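Visitor: Just need the structure, nothing else, for what follows:
(chains A, B and C)
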Amino acid sequence: MLRLFILLVFASGLAHASSAVRVVSQTVGTDELLLALAEPAQIAALSHIAKYPEFSAVAKEAAAYSSISAGDSEAILKFKPTLVLFADYSRTELVAQVRKAGVEVIVFDRYATLTDVYANLRTLGRSLGREARAEEIIAACEARMAVLSAKLKKVKPKRVVNASTYGLLSGAGTTFQDLCDHAGAENLATTLGGLKGVQPEPSEKMLVWPIDYLVLGGEGAVSDALAPLRTVLPYRYIDAVRKDRAVVLPSALLASVTHHRIDAYELLARGLHPEAMK
Amino acid sequence: MSALTLKNISVAGRLQAVSLELPAGALVGLIGPNGSGKSTLLQAAAGLLPVSEGAVSWSGKAVGEIAIMERARRAAWVPQEAKFEFGFSVRAVVQQGRYAHGDDEAGVDEALARFDLTELARRPVNQLSGGERQRVMLARAVVTQAPLQLWDEPLAPLDPRHGLEVLALARELAAKGGTVLMSLHDLRVAHALDLVVVLARGGLRALGKPGEVLTPELLREVFGVRVRTADGLTLELP
Amino acid sequence: MTRGASQPWVMPSLIVALLGLVFISLAWGELTLSPAQLWAGLNNTDELARTVLFQFRLPRVITGLLTGAALAAGGLVMQAYFRNSLASPDLLGVSSGAAAGAVSAIVLGWTAVALWVLPLAAVAGAVVATFAVLLLAKRGASSERLLLAGVALNALLGAVTSYQLSHGVALWERNSQLLFWLLGGLEDRSWLHVLAALPIVVAAALLWPLGRQMDLLSLGEAEAQSLGVDVKILRRKLLVLATVLAATATAVAGIVGFVGLVVPHGLRLLVGPEHRRLVPLSILGGAVFVLACDLVGRVGGNLRLGIVTALIGGPFFLWLLRKRA
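Guide: Next comes the predicted model:
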C-alpha cells in the first residue's frame, strides 16, 4: 500500500505519466466521482447505467465514454484497466475476480453523508494524481453548503415523506434522511413513523401525519408526477396529494451518493422554502 | 328385439369390425385371451368409448341418440379395477348408482346386504381390499336397475363364496329379463352361462351356447389349451 | 354419514370464525381507533375513521376473503378434476402462470392502459399454464407425474418472471411492483381490487351446484359418465372455473401458495370427501384461512401474506407426502 502511495505521488509529479492510469467504474456513484476528477484519458469505461438519466446525475457527460456491460469480470477487464472502482454493494465475487487479475481496486463503503463524499473525492483524487482537483471541488461544495445553511438557518422545517407507488418509505439512515437534514425538511417517516432504513409504508398512520409536502423522484409538473399516486392507497386520501403539494426532484439526484447531492439539497430547499432561497 | 346390438364396430388398434346381438334375459360370458379386446368391447357397448366405425344400440335404439342421463338408467358398467383417491363411504359410492334416478336411496340398503357390505357401509372405500372394492362397484351397478349390465371381470378378485353369490345374482337379473354381459377367464364358469362370446385378437371368433362354442378345437386355437374332462372340485352355495 | 350428518358444527364454526376475523380486521390496524371512533366512522361523523374503515380496511378484508375463497375452491376443483388430492393451483403452476402474465403486462407497460388489463393478463397466463398441465399430466395421472409436471411448469414460468425482473436496465420501482406478485399480499388493496376480484363471486356461484357431479367425477371419468354425468361438459366447466378462480385471486393478491392444498384437505379430513359440503366449506374455509394468515402476518411485523401461508402450508404439504408414502 505504501509502495503504491509512493508510486502515485511519483506519478502525479509527471503530467503525462498520470494518463497511464486507466480506470473502470462499476457503479453509478463512482461514475459521478470519476467524471468530476479524472482527465478524459484516464477514464477507460463507466458503469452500465452511467448513461441513463433516471439513475445517473452525469448522463450527458457519460455519453462520451464507453460503458461496461452488466456481465462478469471480463466485461471490466476487456478495457485493460489499472484501477477499478466498486461500491460495497458490488458483487463480492466480481470484486475478487478483478483483484485476482492483478488490477488495483477501490471499494467505496461509506457514502451516506457529505463528509463521506469529501473523503471519497480525496481517496480517488490521490489514485488519479488529481488531488488539487479534488480539493477544488470540495472547496466549491463547502462554499455552496455555507450559503445554503445560512439561508435555511431561520426556516421552520417543512414536514415531508418520500412518496412512491411501490409501498415503501425511507426512514432514518437513508440518503433521503440526509437530504431532509440539509434542505430544511423533517422526514416524518423517521420522526413520527420511527422507521429505520427503507420500510413498508404504515398506510393508515400516514393518514394522520401532518404532511406538508411529498418528495418524489421524477420530472415534469407536480400534478403529472402525482398522477400515479392519486389512485393508490394511502396517497389518494392524503391532503398534500389532493392539493398538489409536492416537490419533484430528478430521480438520479434523489438517490445520488456523491457531491451531486448538493443539487438535490438546493432543489428541495427551493421547493420547500422559496422565500428563504430567493 | 335384441337387448344389445353391436354393428360392425371398430376401435382403432383394439377392435376390428365386431358385430353381435344379445337377446334380453341372457347371462352372457365374454371370453378371450389377454389383450383380445374384452374390456374395449365392454366400454364400447356401454357407450363410453368413441368407436371409429360401426354403431352400438340398446333395444334397437342407437346409443348416440340416447341422452346421457337416460343411458345411465338403461345400462350399467363395472370397470375391471376401481381406483379410489378419495375416502367416500361404501354406502355413498353405492348410492351414486341412483344419480340418474333423482339421486334417491331406493334399493341401496338391499344392494349393500346382497353384496355383504352392510357391515362395511361406513368404511372409506380407499381403505378396502380389492375384492371388497369390486363388490362395491357391482352393488353400485345393480342399484341403477339398468336392464343391461356390463361387467368387466367381476369375479377375478372375489373369494369363492362371493363369486358364487355374484353369479347367482346375475342369474336372477337375467331371469327378470335383464341382460348381463361379463368378461371372465374361468372357462368352467363360462361353460355354465347362457351364451358365450369369444374374442381373439380384436375380432369376434364365435358366439353361441357354450356347449356348442367351447369345442376342444376352438379352445386349442384361441387359448392354446387342451381340454380334458375328469373328476374335479366343484363349488356350490350351500 | 353419506348425507352430511357428520360434523354439523363445522359450517357454523367457520361462519363464526369468519365474522370474528372480519370484525378484528376492521377494528384493528396500524392506526389505533377507539370503539367510539369506529362507531363514529360507521355513522359518518368521523371523517378519518370513516376513511380508514371504508377505504383501507374494508377493501383489504374483502379482497382477502375473496382471494382465500377462490384459491381454496380452485384447489378443490383441481383435486376433483385430476382425481388427486395433491393438485392445487400453485403446485401445478397455474398461479405461476397468472403471475407471469401479470408481470409481463406490467413490464410491457400494458397495465397503464386500463384497469382490466392486469387481471386479464393474469387469466391469460393461467390459461396457458392450465393447458400445459393438461398436456404434461393426464387426468388420473399418478401424484408423481402430476407433481413433476408442476415442478417443470413452475420452473419454466418462474424463468419468464425472472427474465422480466432481470433483463435490460433494472428499474427499482417496476421491480418492486413485480416482486409484489411473487410474494403475494393484501397491502393497500382498494375498491379497484375488489372490483377486479368480482369474477370470483360469479365463479363460486357457478361452482356451487356442481358438487354432486364432482363427487362422481372424482371416482373416475368413465364411471361418472356411465352413471349419468355428462363428463365432457362438466370437465370443461370445472377447468374454466378453476382457472378463473386461481387467476383472479393471483391478479389481485399475487402468488399466495398452499391455500388450495391446505384448506380442502383439512376440510376433507373433518367432514369427508363429499363435494356438496366441501364446495361451500372450502369457500368459507379459504376466506377464514387467508384472513387469519393476514392477521398473523401483520401481528408478526409486516410479514407478507404469501410468506405466512407458505410457512404454514409447506410443513403441511410435507406431512401429507409423508403420510401418503
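
Visitor: who touches A:Ile76 in this structure?
Guide: For A:Ile76, the contact set (C-beta atoms under 8 Å, 6 or more residues apart in numbering or on different chains) comprises A:Val24, A:Gln26, A:Ala45, A:Ile68, A:Val84, A:Leu94, A:Val98. From N, CA and C alone the C-beta is placed, and that goes for glycine too.

Visitor: Return the set of buried residues in the host helix or strand of it.
Guide: Counting by DSSP states H and E, the element that carries A:Ile76 is helix A:73-77. Judged by neighbour count (16 or more other C-beta atoms under 10 Å in any protein chain shown), helix A:73-77 contains these buried residues: A:Ser73, A:Ala75, A:Ile76, A:Leu77.

Visitor: quick one: is stretch B:43-62 near chain C?
Guide: Yes. Under the criterion of C-beta under 8 Å from any C-beta of the partner chain, chain C is reached by stretch B:43-62 at B:Gln43, B:Ala46, B:Leu48.

Visitor: if you go through chain B in chain order, where are the strands?
Guide: In chain B, the strands defined using DSSP state E lie at B:4-11, B:15-22, B:27-31, B:53-58, B:61-62, B:75-78, B:148-151, B:179-183, B:195-200, B:203-208.

Visitor: er, chain A I mean
Guide: For chain A, strands defined by DSSP E occupy the ranges A:23-25, A:43-45, A:83-87, A:104-108, A:158-162, A:168-170, A:185-187, A:198-200, A:213-217, A:246-249.

Visitor: what about C:Lys323, distance to C:Leu198?
Guide: 38 Å (C-beta to C-beta, to the nearest Å).

Visitor: before we move on, what about C:Asp215?
Guide: Distance, C:Asp215 to C:Leu198, using C-beta to C-beta: 28 Å.

Visitor: Between these two, which has more neighbouring residues?
Guide: Neighbours were tallied for C:Asp215 and for C:Leu198 using other C-beta atoms under 10 Å in any protein chain shown; the higher tally belongs to C:Asp215 (24 against 13).

Visitor: got the contact list for the host helix or strand of that one?
Guide: Taking DSSP H and E as the definition, C:Asp215 sits inside helix C:211-217. Residues from elsewhere that reach helix C:211-217, judged by C-beta under 8 Å, 6+ apart: B:88, B:92, B:96, B:99, B:103, C:77, C:80-81, C:83, C:223-224, C:227, C:229, C:231, C:234-235, C:238, C:273-279.

Visitor: immediately after it, which helix or strand?
Guide: Next in sequence after helix C:211-217, counting helices and strands by DSSP H and E, comes helix C:221-226.

Visitor: That next one and chain B, are they touching?
Guide: Yes. Judged by C-beta under 8 Å from any C-beta, helix C:221-226 comes into contact with chain B through C:Ala222, C:Glu223, C:Gln225, C:Ser226.

Visitor: Make JSON lines out of those and add neighbour count.
Guide: Compiled in JSON lines, the residues of helix C:221-226 next to chain B are given as follows (neighbours: other C-beta atoms under 10 Å in any protein chain shown):
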{"residue": "C:Ala222", "neighbour count": "14"}
{"residue": "C:Glu223", "neighbour count": "23"}
{"residue": "C:Gln225", "neighbour count": "22"}
{"residue": "C:Ser226", "neighbour count": "30"}
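
Visitor: For the stretch 201-325 of chain C, give me the ranges with low pLDDT.
Guide: Within the stretch 201-325 of chain C, the stretches falling below the threshold (pLDDT under 70) are C:324-325.

Visitor: can you tell me the residue of it closest to chain A?
Guide: Nearest residue of the stretch 201-325 of chain C to chain A (C-beta to the nearest C-beta) works out as C:Asn302 at 5.2 Å.

Visitor: Spatially nearest residue to that residue (excluding sequence neighbours)?
Guide: In space, C:Asn302 comes closest to A:Pro200 once its chain neighbours are excluded; the distance is 5.2 Å by C-beta to C-beta, 6 or more residues apart in numbering or on different chains.

Visitor: pLDDT score for the one residue sitting closest to the centre of chain B?
Guide: In chain B, the C-alpha nearest the mean C-alpha coordinate belongs to B:Trp151, at 1.8 Å (C-alpha atoms, centre = their mean). Looking at B:Trp151, its pLDDT is 97.

Visitor: In chain C, what residue comes closest to chain B?
Guide: When C-beta to the nearest C-beta is the measure, chain C has its nearest residue to chain B at C:Gly228, with 3.2 Å between them.

Visitor: ok, how many other residues are close to C:Leu178?
Guide: By other C-beta under 10 Å, the residues close to C:Leu178 number 21.

Visitor: That one reaches C:Ser166, doesn't it?
Guide: No. With contact taken as C-beta atoms under 8 Å, C:Leu178 and C:Ser166 are classed as non-touching, separated by 10.3 Å.

Visitor: Can you report phi and psi for C:Pro12?
Guide: As for C:Pro12, its main-chain torsions (degrees, to the nearest 10) stand at phi -60, psi -40.

Visitor: give the contact list for the closest residue to A:Ala264 other than its chain neighbours.
Guide: For A:Ala264, ignoring the flanking residues on the chain, the nearest one in space by C-beta to C-beta, 6+ apart is A:Leu253 at 4.0 Å. Residues in contact with A:Leu253, defined by C-beta under 8 Å, 6+ apart, are A:Ala57, A:His260, A:Arg261, A:Asp263, A:Ala264, A:Leu267.
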